[in-house]
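Undergrad: Using only what follows, build the 3D model:
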Amino acid sequence: PTAALAMNSQKITGMATPTADADAATKAYADRPAKQLHIQQTAFSGALSTNETFIPFNSTVEGTSSTAINNPMIMPVAGKLLKVYLRASKNHSANNLTIRLKQITSSEAWNDANTGTLGTLVVSNGPNTNNVVTADFTSVSTNAFDALDMISISIEHGAAVSGTTKYVCTMVFELDVSSY
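TA: All right, here's what the predicted structure looks like:
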């Protein structure tokens, strides 16, 4: 049509999912959320000390690393870290636990020198066999990252922990999928 098309209060039905910017969209497509939760879970073990140790993001890595460059995850869209849940096979409840969100932006070279700290939380009682520690990053103003940034999460005990400890860690991210 070369002029306005009057529908006389009728609906257009049977539309396909839009694939181009100028395509019409169904109500279901238009109503989809702009933000989605992403839950990342990992299990790892290590003899962790008072040094910063990075949590592995993939299940093929059973250990940890002392450098962020070894355990990053590329984020496909912008977002923010909401919470970290951590449980341990040994009692660390007497120790403070520092959890950090680290970032290498998409425009920086991939090396430890370019790893910056976005947010830090100190949990006063570390994890143990009977409880799950929750680190709530929603209270941290610098918990957001941009699309294609590499991020990593580190933990650091306030006192040395003897022997190897097994950990289960779940991280909850809010991702902005509006432009994806």
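Undergrad: Run through the protein and note the low-pLDDT ranges.
TA: Filtered on pLDDT under 70, the chain yields the residue ranges 58-69, 93-94, 180.
Undergrad: all strands for it, in order.
TA: Under the criterion DSSP state E, the chain contains strands at 35-46, 53-54, 73-74, 79-88, 97-104, 116-123, 133-136, 144-145, 150-157, 165-176.
Undergrad: can you put these in a markdown table and add distance to Thr17 and mean neighbour count?
TA: All C-beta spots, glycine's among them, are computed from the backbone N, C-alpha and C. A markdown table is the format used below for the strands of the chain (distance: least, CB to CB, whole Å; neighbours: other CB atoms under 10 Å):
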| stretch | distance to Thr17 | mean neighbour count |
| --- | --- | --- |
| strand 35-46 | 18 | 15 |
| strand 53-54 | 40 | 22 |
| strand 73-74 | 27 | 14 |
| strand 79-88 | 24 | 20 |
| strand 97-104 | 34 | 22 |
| strand 116-123 | 35 | 17 |
| strand 133-136 | 37 | 18 |
| strand 144-145 | 29 | 22 |
| strand 150-157 | 31 | 22 |
| strand 165-176 | 21 | 19 |
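Undergrad: Which among the ones you listed is found nearest to Asp21?
TA: strand 165-176 (18.5 Å; CB to CB).
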